[in-house]
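1. please find the sequence and the predicted model below.
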Amino acid sequence: MKTSKNYWLMKSEPETWSWEQQKKKKVEHWDGVRNYQAANYMKQMKKGDECLFYSSVSEKAIKGIMRVVKEYYPDHRLIKKEFLEWLM
């Protein structure tokens, strides 16, 4: 049975992570997600899903398309147990 891919909107502030940085790096984890609704959406993302890269500050626009290459995993840099739900 073939599963269909989903499409997601990934929001970023250019001074934190820009589309130009994403294009140059090609593959990078998406960290710093502290909003529970956004974190829950990221947990639903599957390898092969596609994402629209949305610049969210002065020039509000979709800058490009990305693909999910790895599924949810906890943010390994956090030590406190109450933060274990935060993800990359």
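-> Nice, I can see it.

2. would you confirm that L52 contacts R67?
-> No: contact criterion CB atoms under 8 Å: L52 and R67 do not qualify, at 11.2 Å. C-beta here means a position set from N, CA and C on the backbone, and glycine is covered the same way.

3. what pLDDT does the residue nearest to R67 when sequence neighbours are not counted get?
-> Excluding the flanking residues, the one nearest R67 by CB to CB, 6 or more residues apart in numbering is E50, at 5.6 Å. Predicted confidence (pLDDT) for E50: 97.

4. what's the burial count for E50?
-> Number of residues near E50 (other CB atoms under 10 Å) recorded here: 13.

5. enumerate every residue touching it.
-> By CB atoms under 8 Å, 6 or more residues apart in numbering, the contact set of E50 is 5-8, 65-68.

6. where's it relative to S18, distance?
-> Taking CB to CB, to the nearest Å as the measure, E50 falls 19 Å from S18.

7. repeat for P74
-> Distance from P74 to S18, by CB to CB: 26 Å.

8. give me the buried positions along stretch 5-18.
-> 8, 10, 12, 17 (16 or more other CB atoms under 10 Å).

9. hang on, the third one packs against S18?
-> Yes: contact criterion CB under 8 Å: S12 and S18 qualify, at 7.3 Å.

10. appreciated, that's everything.
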